[in-house]
Structure formats: C-alpha cells, structure tokens
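Asks: Provide a 3D model corresponding to the input given below.
(2 chains)
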Protein chains: 2
Amino acid sequence: MARIAIIGLGYIGGSIGLGLRAAKLRDTEVVGFDDWRAARSAANKQNVVDNVVGSPREAVDGAGLVILATPPAATSELLEEIAPHLGRGAAVTDTAASKSKIEGWADQHLPRGVSFVGGHPMAGDASAFGIDNASADLFRGKRWFVSPSPSASDNAVKSVLGMVRELGATPHFLNAVEHDYVMAGVSHLPLIVSSALFTMLRGSDSWPDFGRAAGETFRSMTAFNSGDPSMTTEIAVTNKEQVQHWIDRFVLELNRVRNLLDEEEEQVFLEYSSAQINHAKFLGGDDLDPDAGATPDIPDATSQMAALLVSPRLYDKVREMTRRSEEKEKQREARGRRWGRG
Amino acid sequence: MARIAIIGLGYIGGSIGLGLRAAKLRDTEVVGFDDWRAARSAANKQNVVDNVVGSPREAVDGAGLVILATPPAATSELLEEIAPHLGRGAAVTDTAASKSKIEGWADQHLPRGVSFVGGHPMAGDASAFGIDNASADLFRGKRWFVSPSPSASDNAVKSVLGMVRELGATPHFLNAVEHDYVMAGVSHLPLIVSSALFTMLRGSDSWPDFGRAAGETFRSMTAFNSGDPSMTTEIAVTNKEQVQHWIDRFVLELNRVRNLLDEEEEQVFLEYSSAQINHAKFLGGDDLDPDAGATPDIPDATSQMAALLVSPRLYDKVREMTRRSEEKEKQREARGRRWGRG
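Replies: Coordinates of the predicted model:
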C-alpha cells in the first residue's frame, strides 16, 4: 500500500486531495493533515482524502510522497518537524509561489535519502481560498512548475511528475532560481503593482472622487487586491530580492515612458502600437514559439502584421509612420555622412 | 425641426446616433458625418442617423447641438472648420477622455454665442471600436462626465444633459481641470502602467520564458494593451502634464513599497491586509459615501471590519497584529517618557 501525505488542507491542498481521490490510484492511500481544526473536519465531511490524521508526523509516517500545501512561511518549521519521520527514498514537494527559499530550507532540514522537488501549480482564482472552494479539477489543463533540488533522485522527480499528471496538469521544469526570477516578473510584480495602484489612489485626498470616477480600467487593474493578503505577503517576503529587482526595473521603465511623453506624438503612437501588436502576438502564442525566431518590435508592412492589426486605418497609420521613421533615419544617416560623423 | 449633428461615426459616435434614434425624439433630425467613406456608408446602411451628410459644414448647418466624436487630436482643426457655420445659441460637446486641452481649443475657435460643454462617457469596451460595434444601449446606466466651459449658457448645458439622459446615462459634473486630474489617476495611469508592464517584460531577454509562464495576473494586468493605441496615445498627449504627475507619484509609491519589503513581515502583512479591506469597502461602495465619514485605514477589531474580512483566520491575524502594533506603540511611548523624550 503506497501512501501520499498532504499537509495543509486549504484551497490548494484540498484540491490536490480531491483530484488524487478522483484519479482512483491503485493500492494508494491519501492522508491529510491541517493544523486548523475546522479544515480537518471539513476535509473529513467532504472526503477530500482517504484519512484525516492528527499530526504532520502521523501523516508522513510511511509516505512515499509528501505534499506541503501550507503557507510558505510555515515551511521551514514544518520541514524540521517532519524530517525525523520521513522514510528513506521519500519525495517531498510543495506548492508555494516562490521556490529558492524553500529549497534552501529543505536542504537544511531534510535527511540524506529524502528528495525535495519543489512544485508550483499555476492554478486557482486569487480571490478563492479555503477547503470549501477546493475542486478535483482545479489543476486540469494548467501548468505546474517543477523545480527538483540538485540532489533529488530520479524516482522522486518521477513521483512528483506522476502526481502532476494525475491531476491533469502539465509539468514545466525550471530550477528554483529561474522560477523565482520569472515569477517575480510575471506574477509577483503585477500583484504588487495592482496593490500599489489601489493604495496610492485610496490614500489620496481626492479618493472619493477617484473611487466614484473609477471605470473598468481601474477596477480591473486593482482587482488583485481582493486576493488573500497572506499570499501577497508571503510572496513578497520569500521572494524579496527578485521582487525588489523587478520593482527597480519597473521604476526605470515608468521613467522611460514619462520622458517619452515629451517626444513627438508619433513616437508615443509607435510605443503603443508596438505594444498592441506584440500583445496580439503574445495572445496568439506566436512570439512564444521557440521555432518562430526573433520577431520585430517595430511594425512592418507585411500581410502577417496586417492580420494582427485591429483595423485597416490603424494599419495604414502604422505603415505610414514606419515609413516616415525610416525616412528620417535615412536623412539622419545622410546628414551624418555629410558632416563626416556617419 | 430641431437638428442634432454627430461628427465622427465610429464606436462612440455611432452609438450616440443609434441611441438618439431609438429615443424617437419628436421633431428632431439627427445628421452625421465621418471623414472615412466606409464609415459613412456603414452609417447609411445601419440607419445610425437620419441623414449622413457630406461635410462637417453641412452637418452643423442649423444644428442646435453638435456632438464631436472624433479622435481628440483632430478636434482643434475641426472646431476651426465648423466655427463659421455654427448658429447663435448652438451647443457643442465632445466625447474625449481628456477635457482641458479641448476646452482651450473651443475657447480659441468658437464664436461668441456658441457654448462648449465638454463631455466624456464612461462606457465602451476598450478593445471594441468602429461603427460595426456601435449599440444604442452602450451608455445605458453608465456615467457621463459633463464639463461646461465657464462661458457656457444654461440652455447649452441643458441640451447636453438632455442628450445624456436620452442615452440612458447619468451625468456627473466636474470642471475640465478636475476631470483631467481625476481621470489621469484613475484611468490614464492604469492604462500606461498596463502597457509599461507588458512592454518591459516583452522587451526582456527572457521574454519567451515570461510569456510561457504568464498566468492570470499577468494576462489581466496587461490586457489593456489590446485597446486602440490611438486612444492611449491621444490620452497621453492631450493630458500629458497630469499623466506625468501621476507617473511621478506612482514611482514614489513603488519605492515606498520596495523599502517596505525590507521591514518585518508584520508590516508587509499590514500593508496588504489594509489594501484588501479598503478594496472590499471600495467594491461595496462604503467608502465612497460622502455621509460615511472617514474610515480607518488600519484594521480594528469591530464587527463591521470582521464582516469585510475574507476569513475568520485572517481576521484573527489582523486583530492580533493590530494589538501587537498598539502594544509596541505603547512601549515606545513608555520608553520615550522614561527617557524624557515623550
């Protein structure tokens, strides 16, 4: 009888439990623990796992795969607590949004012969949480980052991949540092920007005017403030260096845009039309295809571009501006040559 | 026979035409013009107005209300062009997202006896445009900013209010400068932030990784790049000073958050839990009620707060942290007194 242990039976841990039970794994028992009594009794009632046990130690006893679905900040202590009770060959994985800190804690606390393979499912509605929102299908069709620690055994990686596949997700390998860099840019920074935008305007003297005037743009760009603040906090704390790196880069980017607004309207239009075109390519998946090669940032006049553009008039405008930009560039080059600087 | 003229028969102008026709105004003719031939013939086919005419001059001839629904950048020339043909007592309004520049142009070009009453409907899907997307119900239930110029006559303001009400929208008065300040914060800055976020990551060397790792947060926070780049450009150009003001303030805010991450986790959690609570109040409309008075930014332990919080555990955590903050504050005060600095 194989045993899988889930520690933390909230939205994510509960969904893993329901998904694994739905997969009807042969000769496998899924056990779970949560330090919150209400979550334990809900897990029992909703049959989220085969067995709800009374302690982390009891959960990991004899388990081949241990899944930590607790708040990341709790992970270090939890790893220390379960370490003496893990069997040789066991695989430990987690579900946190940042990986390097947790991999470091695993390295520090787990005994030889136990493998840590970090995990991060890209699923779930940011504003949903708790076992009551758990669903067996939460991960179906979603990406699941897998970050094996350097010392992880092949068998441990296979166990985690097996779990990911049983839950219907697609594994995506990135090492812990790469993962945290990428996530800080593409997920943690946007969260922090969403919150800063809301907090700044909410804290302004004119707030009631802003709030009443707020349309779709503001509501959508600040919607992530509805999420669990513990999650945002833990992301910001456990991935601090990378998040700060990206905040600094974003400040530079905003200053670039600020200065761009002092340029001619044509330059501003090229900025936003390029963004629109590149965004259309992103949504279409075109510029993520490794075989597609580098794609131009400046719109050109090919028919492929035309198809991406949202209106014929816009297309004409971009083409016209691109042509004028090129002419200016040529004139500049010509002047440069004339003045002996070319 | 009264006459209403719509110049510019795109998404907004076309929807105004359809809405006014649906209102079946008695003894009123709605005429329209667009400088794009395809828009004129579509307007004819779709009966967007009673009559499509061949020039702006022809449209405004004898009109009591003239609605400019053209790109804002074109407004100065257009006002100059129609000025000699406007009748005494006519009201001119527009639909642009910024108001001060256009009010200035109106002041410069319109003759005495003609009133300018700026307008800005808060409606429409940012990614929809063109007459084919026009709808008679586009403005129903939406807010419509009305910014009468200082010299506008009461009758002109009433004409514009009448139009707004016939379209089912709710008028909201703000003078042009207030409007632009508020919109720059609550709408233009979020648009520019959305674009800068996408452009920065798209321009990074690791882009394909970012794009493939992009989840809901990134997609939602950068979705406004799908909008018409002409609109973003025109907003950025016609409301430049206010937009730059808000970019500068947002950079300060981001730097504040960056430094906050170096503080204890407790402080970071207070930041994000306050944001979550204030955001819930915003969504509920509570803190926009002028009679509600000032609401505390720091969560306290009242039952009203508890209702807003998303989970009992979060509530306990906030209460505990608030208590600890207060104790620390008292200790600090006590130390201050002891050291004679209190």
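Asks: A:Val177: how many residues sit nearby?
Replies: 13 (other Cβ atoms under 10 Å in any protein chain shown). (Each C-beta comes from the backbone N, C-alpha and C, glycine too.)
Asks: Enumerate the positions of the helix or strand containing it that are buried.
Replies: When elements are assigned from DSSP states H and E, A:Val177 belongs to helix A:176-183. Of the residues in helix A:176-183, A:176, A:178-183 count as buried by neighbour count, 16 or more other Cβ atoms under 10 Å in any protein chain shown.
Asks: so after it, what's the next helix or strand?
Replies: helix A:189-202.
Asks: List of residues touching that following helix?
Replies: For helix A:189-202, the external contacting residues (Cβ atoms under 8 Å, 6 or more residues apart in numbering or on different chains) are A:207, A:210-211, A:218, A:221-225, A:227, A:232, A:235-236, A:243, A:246-247, A:250, B:185-186, B:189-190, B:193, B:197, B:217-218, B:221-222, B:249-250, B:253-254, B:257, B:271-272, B:274-275, B:278-279, B:282.
Asks: Now do the helix holding A:Val177 against helix B:189-202, angle only.
Replies: For helix A:176-183 against helix B:189-202, the angle by axes from the mean of the first three to the mean of the last three Cα atoms, to 10 degrees is 150 degrees.
Asks: And the strands in chain A?
Replies: Assigned by DSSP state E, chain A shows strands spanning A:2-7, A:28-33, A:51-52, A:65-68, A:91-94, A:115-121, A:143-148, A:170-173.
Asks: Also near chain B: which of the buried residues of helix A:176-183, exactly?
Replies: A:178, A:181-183 (Cβ under 8 Å from any Cβ of the partner chain).
Asks: quick one: contacts for A:Phe173?
Replies: Contacts of A:Phe173 by Cβ under 8 Å, 6+ apart are A:145-148.
Asks: Let's have the strands of chain A in TSV, adding mean pLDDT and distance to B:Asp27.
Replies: Shown next, in TSV, are the strands of chain A (pLDDT from 0 to 100; distance: least, Cβ to Cβ, whole Å):
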stretch	mean pLDDT	distance to B:Asp27
strand A:2-7	97	73
strand A:28-33	98	74
strand A:51-52	98	76
strand A:65-68	98	74
strand A:91-94	98	73
strand A:115-121	97	64
strand A:143-148	95	62
strand A:170-173	93	65
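Asks: Any idea which of those strands gets closest to B:Arg165?
Replies: Closest approach to B:Arg165 among the strands of chain A (Cβ to Cβ): strand A:143-148, 49.4 Å.
Asks: Looking at the contacts of A:Phe173, which one is closest to chain B?
Replies: A:Phe145 (7.7 Å; Cβ to the nearest Cβ).
Asks: Now do the contacts for that closest one.
Replies: By Cβ under 8 Å, 6+ apart, A:Phe145 lies in contact with A:99, A:118-122, A:171-174, A:179, B:213.
Asks: ok so, going back, mind checking which of the contacts of helix A:189-202 are buried?
Replies: A:207, A:210-211, A:218, A:221-225, A:227, A:232, A:235-236, A:243, A:246-247, A:250, B:185-186, B:189-190, B:193, B:197, B:217-218, B:221-222, B:250, B:253-254, B:257, B:271-272, B:274-275, B:278-279, B:282.
Asks: Show the average pLDDT along the helix holding A:Val177.
Replies: Averaging pLDDT along helix A:176-183 gives 94.
Asks: Could you list the low-pLDDT ranges of the stretch 151-300 of chain A?
Replies: Residue ranges of the stretch 151-300 of chain A with pLDDT under 70: A:290-300.
Asks: Go again with 80.
Replies: Where the stretch 151-300 of chain A drops to pLDDT under 80, the residues are A:286, A:289-300.
Asks: how about the helices in it?
Replies: Assigned by DSSP state H, counting those that start in this stretch, the helices in the stretch 151-300 of chain A fall at A:154-166, A:176-183, A:189-202, A:207-213, A:216-221, A:229-238, A:240-260, A:265-284.
Asks: Check the contacts of A:Phe173 against A:Phe129 and report the nearest one.
Replies: Using Cβ to Cβ, those come closest to A:Phe129 at A:Phe145, 19.8 Å.
Asks: If that closest one is in a bridge, with which residues?
Replies: A:His120, A:His172 (DSSP bridges).
Asks: how near is it to B:Leu201?
Replies: Separation of A:Phe145 from B:Leu201 (Cβ to Cβ, to the nearest Å): 17 Å.
Asks: repeat for A:Asn51
Replies: As judged by Cβ to Cβ, A:Asn51 and B:Leu201 stand 44 Å apart.
Asks: Right, I'll leave it there.
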